[in-house]
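**Q** Model the structure of this input:
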Amino acid sequence: MTTREDKWKRQEVALRATQMAFDLTTEVQKSIKKQAIDEELTPSDMIRKILDLEVKSKKTRQRLSFNLTDEEIALLAERFGVDPHDKRAVKQQVANMLLSRYSDKRNK
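**A** The predicted structure follows:
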């Protein structure tokens, strides 16, 4: 079978997968998410691991993201003393601040 046919078969199987969503208590959801973070897994992979199912994905580096308005970017740029049009510089300053804040707490 060719690589193209193999890929088509894998996609066909993925299409037949059933997504399940659960309404669990906040505490249960937090526990699963915290454990996933501690084990560098996604919450979905953590549930698969709890259920003793195969976890196919590699460990993940969790990313944090949030949205900023243009006004908030300008405010932060002013606070950090960088060009308000240089979003990359603002992003770097935010990252530096978060790293500094949480590196200090971890070392205490």
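**Q** SS state for Lys58?
**A** Put simply, Lys58 is coil when judged by DSSP: H, G, I helix; E, B strand; the rest coil.
**Q** again with Val55
**A** Each residue gets one of three states, and Val55 gets coil by three-state DSSP.
**Q** count of neighbours near it?
**A** A count of neighbours around Val55, defined by other C-beta atoms under 10 Å, yields 17. In this view, the C-beta of every residue, glycine as well, is placed from N, C-alpha and C.
**Q** Ala36 now?
**A** Number of residues near Ala36 (other C-beta under 10 Å) recorded here: 20.
**Q** what's the average pLDDT for the helix or strand containing it?
**A** For Ala36, the host element (DSSP states H and E) is helix 26-38. Averaging pLDDT along helix 26-38 gives 94.
**Q** That helix: which residues count as buried?
**A** Residues of helix 26-38 classed as buried by neighbour count (16 or more other C-beta atoms under 10 Å): Ile32, Ala36.
**Q** just how off-centre is that helix within its chain?
**A** Centre-to-centre, helix 26-38 and its host chain are 13 Å apart (C-alpha atoms, centre = their mean, to the nearest Å).
**Q** Can you give me the pLDDT of the closest residue to Lys49 other than its chain neighbours?
**A** Nearest non-adjacent residue to Lys49, counting by C-beta to C-beta, 6 or more residues apart in numbering: Val55, 5.3 Å away. pLDDT for Val55: 90.
**Q** Just list the residues touching Val55, thanks.
**A** Leu41, Asp45, Arg48, Lys49 (C-beta atoms under 8 Å, 6 or more residues apart in numbering).
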